[in-house]
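Visitor: give me a 3D structure for the following:
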Amino acid sequence: MPETTPIAVTDEQLALVRYDAAGLVPAIVQEEGTGRILMMAWMNEESLRRTFDEGRTVFWSRSRQELWRKGDTSGDRQFVREARYDCDGDTLLFVVEQEGRGACHTGEYSCFFRQFGEGHTTASPDD
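Guide: You can find the predicted model right below:
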């Protein structure tokens, strides 16, 4: 079983995060080792701090208006190995060790399994 590793972050680093008008920032989740993009979700200040403190991804559900820790109900947990923010501070990137069947609530390993283009309606992990 993977271990949680809290990430030491400074108040100065947290102050560089730029939230939108709703107090949210997009967070991209990438798989450690493969570089595969697994999902995108939203974070508020509390979910970001909890992610750093707990070493597991915690997000904000816009539809339910509540925090949710990835994998608490599905078992498909994400253990944070790296955390980055972009040059503008308005997008986050988490490199994770993915546990379980994957990141997508549909049962796919990645939320990005569909592909644009003629003849492409879905894409398998090998595409």
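
Visitor: quick one: mean pLDDT for stretch 104-113?
Guide: Stretch 104-113 shows a mean pLDDT of 95.

Visitor: buried residues in that stretch?
Guide: Neighbour counts over stretch 104-113 (16 or more other Cβ atoms under 10 Å) mark 104, 108-111, 113 as buried. The way it works is simple: take the backbone N, C-alpha and C, and place the C-beta from them, glycine included.

Visitor: just stretch 64-84 next, same as before
Guide: The neighbour-count check on stretch 64-84 (16+ other Cβ under 10 Å) flags 69-71, 76-81, 83 as buried.

Visitor: which one of those is nearest to R36?
Guide: When the buried residues of stretch 64-84 are compared for distance to R36 (Cβ to Cβ), Q78 comes out closest, at 12.8 Å.

Visitor: tell me the secondary structure at the most centrally placed residue in the chain.
Guide: Centroid-nearest residue in the chain: V29, 3.6 Å away (criterion: Cα atoms, centre = their mean). Here V29 is strand, with the state taken from DSSP: H, G, I helix; E, B strand; the rest coil.

Visitor: touching, it and I37? I think so.
Guide: Yes: between V29 and I37 a contact is recorded at 7.4 Å, counting by Cβ atoms under 8 Å.

Visitor: do a quick rundown of the strands in the protein.
Guide: Assigned by DSSP state E, the chain shows strands spanning 25-31, 37-43, 58-61, 66-69, 78-85, 92-98.

Visitor: where does pLDDT dip in this structure?
Guide: Applying pLDDT under 70 to the chain flags residues 120-127.

Visitor: which stretches of it form helices?
Guide: 11-14, 45-54 (DSSP state H).
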